[in-house]
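Q: please find the sequence and the predicted model below.
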Amino acid sequence: MIKNVVFMGTPDFAVGTLQALIDSPRYQVQAVFTQPDKPKGRGKALQMTPVKETAVSAGIPVYQPLRIREEESVRILEELRPDAIIVVAFGQLIPKRILELPPYGCINVHASLLPRYRGAAPIQWAVLNGDEESGVTTMRMDEGLDTGDMIMKTVVRLDPKETGGSLFDRLAREGADLLLRTLDALGDGTAVYEKQPAESPTMYASMLRKEQGKIDWSRSACEIERLVRGMNPWPGAYTRYNGRILKIHSAAVQPSAADETSSGIRPDHADNDDGTPFSCRSEHAAGSSVLPGTIVEVTKRTLKIQTGDGILSVLELQPEGKKRMPVDAFLRGYPMTAGERLETV
């Protein structure tokens, strides 16, 4: 039976799972381990991690070691003698001594359908790669990186306009529920472990860097539209106009001229066969002699950009130093003309 648990986690994604444990009458959170506070803002004042804020509010002891493998951390855990350690986006590798300490092991909540997307940013990469589904996996951790035996999964279908932020929120909620069901199964002996293959079927989901948000207009409209969604809210997809950074928060793929001619459908009203808006689920773009990044159409409400394959209609933008705004508001303050060209940063 599982009763006493220690929680290890740091960012917003882990908060829902911690709160679910706190609210559950079946489990007692003995302590929380999280990353050290970091300076933030202009004043560089130290700011608690989201997990620490939740733990402090609940009156749970908090420990913030620079390295979880330190002897002091191991000593504390040995004294607590938890039945299980719950790990959700903690941000540090757990050493073998700690992995083997609790009788039910260290149980991790990972935001992908393992063995897909092992690594730090599985949510964003699922959107960037145009996956139709994602999900959450619980596993008993081993010394590898996201390679432990899988226990349970929850599958989530991605919306055609799913962003990194919206999928983050959905999987955080699903992860909290899945963790409680996993602990119940472990406690009553009904859990089934499934070994992972040695190799993941997808690339390692590495942590995102700010420069990965820069738009390469030579890529296809579908790829750029996924970049816009996958990098939302951070680090954001961006280009450069008149020497200044211009973020694009929302965009849509438009049919090519060849599609318009063959179908007779105007691009602003184009639908797929199933009635959904034309999007990156269909690759209808054709080649063009217009240089990628060139503005090909501007009206009071539309801004369309030629890409390496297809047209991208920009819906929401944010000029450097300004607030996010819809394209019509942007064009009133920043008039553009067809033939101008956006830069690849």
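A: Everything's here; your move. Residues are numbered from 1 along each chain as shown.

Q: quick check: the gap between residue 307 and residue 318.
A: Going from residue 307 to residue 318 by CB to CB, to the nearest Å gives 20 Å. Quick note: C-beta positions are derived from backbone N, CA and C, even for glycine.

Q: comparing these two, which shows the higher neighbour count?
A: More crowded of residue 307 and residue 318, by other CB atoms under 10 Å: residue 307, with 26 against 17.

Q: thought residue 227 was touching the more buried one, still the case?
A: No - counting by CB atoms under 8 Å, residue 307 does not reach residue 227; the two are 10.9 Å apart.

Q: identify the contacts common to those two.
A: Listed as contacting both residue 307 and residue 227 by CB atoms under 8 Å, 6 or more residues apart in numbering are residue 219.

Q: quick check, residue 82 in a strand?
A: No - applying DSSP: H, G, I helix; E, B strand; the rest coil, one finds residue 82 to be coil, outside a strand.

Q: the helix or strand harbouring residue 18 - contacts with which helices or strands?
A: Using DSSP states H and E, residue 18 sits within helix 12-23. If you count contacts as 3 or more CB pairs under 8 Å, 6 or more residues apart in numbering; DSSP states H and E, helix 12-23 packs onto strand 4-9, strand 28-33, helix 50-57, strand 84-88, helix 164-188.

Q: so what's the gap between the shortest one and the chain middle?
A: It refers to strand 84-88. 20 Å (CA atoms, centre = their mean, to the nearest Å).

Q: what lies in contact with that strand?
A: With contact meaning CB under 8 Å, 6+ apart, strand 84-88 is reached by 2, 5-9, 13-14, 17-18, 21, 77, 94, 98, 101-109, 141, 175, 179, 183, 186.

Q: could you point out the longest strand in the protein?
A: strand 244-254 (DSSP state E).

Q: can you list the low-confidence ranges for the stretch 201-345 of the chain?
A: 256-287, 345 (pLDDT under 70).

Q: hmm, back to that, relative orientation of the helix holding residue 18 and strand 84-88 in degrees?
A: Helix 12-23 runs at 150 degrees relative to strand 84-88, counting by axes from the mean of the first three to the mean of the last three CA atoms, to 10 degrees.

Q: list the buried residues in helix 12-23.
A: 13-22 (16 or more other CB atoms under 10 Å).

Q: cool, and stretch 50-65?
A: 50-52, 54-55, 60, 62-63, 65.

Q: ok, those residues vs residue 129, which is closest?
A: Ranked by distance to residue 129 (CB to CB), these are led by residue 50 at 27.1 Å.

Q: from residue 13, how far out is that closest one?
A: Distance from residue 50 to residue 13, by CB to CB: 9 Å.

Q: just residue 150 next, same as before
A: With CB to CB as the criterion, residue 150 and residue 13 are 19 Å apart.

Q: residue 183 now?
A: Residue 183 is 18 Å from residue 13, by CB to CB.

Q: which of the buried residues of stretch 50-65 lies closest to residue 323?
A: Minimum distance to residue 323 across those is 24.6 Å, recorded for residue 50 (CB to CB).

Q: what's the domain layout of the protein?
A: 4-188, 210-333 (automatic domain parsing).

Q: next, format those domains as JSON lines and append distance to residue 340.
A: What follows is those, written out as JSON lines (distance: least, CB to CB, whole Å):
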{"stretch": "domain 4-188", "distance to residue 340": "27"}
{"stretch": "domain 210-333", "distance to residue 340": "5"}
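
Q: which stretch among those domains comes nearest residue 196?
A: Counting by CB to CB, residue 196 lies closest to domain 4-188 out of those; the figure is 4.6 Å.

Q: got the end-to-end distance for that closest one?
A: 15 Å (CA to CA, to the nearest Å).

Q: same deal with stretch 233-243?
A: First-to-last residue span, stretch 233-243, CA to CA: 23 Å.

Q: quick check: residue 142 vs residue 339, distance?
A: 58 Å.

Q: more neighbours: which of the two?
A: Using other CB under 10 Å as the criterion, residue 142 and residue 339 rank with residue 142 on top: 18 against 10.

Q: so what's the more buried one up against?
A: So residue 142 contacts 99, 148-149 (CB under 8 Å, 6+ apart).

Q: my guess is residue 290 meets residue 296, correct?
A: Yes - Residue 290 lies in contact with residue 296 (CB under 8 Å); the separation is 6.2 Å.

Q: which residues do these two both contact?
A: Contacts common to residue 290 and residue 296, judged by CB under 8 Å, 6+ apart, are residue 306.
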